[in-house]
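One predicted model, sequence on top.
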Amino acid sequence: MHPVKISSALPANHPYRELVFGERQSEYLPLPALLDNEGTVITEWEPSIEELAVLLSGEGRIRVTLLLTGIGLKPGAKLTPLKVQVVEKQAPLLGA
């Protein structure tokens, strides 16, 4: 599975800016993303044919790992739920 530039059409007044995490950092793979002022990050991923076959067979899962450096979780902290979804290419963004 590899990250892809988000191909959704953004409305004129969208709150997102495009960026690439890890850009020009050879130790990291570049991660194209959209970021809004509240800290929401949106990325899109495209599975290979082999990965798609495993998912469709029911034998596979998608695991998302987040590294939150410098953000300690404190008891009672409000956490925003992570959304993982399947979208069609060119699908509008949530809330757009």
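Noted; the coordinates are in hand.

for this protein, what spans make up the strands?
Here the chain has its strands, by DSSP state E, at 2-4, 17-21, 31-35, 41-42, 44-46.

worst average pLDDT in these?
Set side by side, those differ in mean pLDDT, and strand 41-42 is lowest with a mean of 84.

which residues touch the nearest residue to residue 3 once chain neighbours are set aside?
Excluding the flanking residues, the one nearest residue 3 by C-beta to C-beta, 6 or more residues apart in numbering is residue 31, at 5.1 Å. Every C-beta, even on glycine, is put in place using the N, C-alpha and C of the backbone. Applying C-beta atoms under 8 Å, 6 or more residues apart in numbering, we find residue 31 in contact with 3, 20-22, 43.

again, only using 6 Å
3, 21-22 (C-beta atoms under 6 Å, 6 or more residues apart in numbering).

a markdown table please, covering the strands of the chain and showing distance to residue 85.
Output for the strands of the chain, formatted as a markdown table (distance: least, C-beta to C-beta, whole Å):
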| stretch | distance to residue 85 |
| --- | --- |
| strand 2-4 | 15 |
| strand 17-21 | 20 |
| strand 31-35 | 15 |
| strand 41-42 | 11 |
| strand 44-46 | 10 |
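
Can you tell me which of those is packed in deepest?
strand 31-35 (a mean of 17; mean count of other C-beta atoms under 10 Å).

strands paired with it, and their directions?
Under the criterion DSSP bridges, strand 31-35 sits next to strand 17-21 (antiparallel), strand 41-42 (antiparallel) in its sheet.
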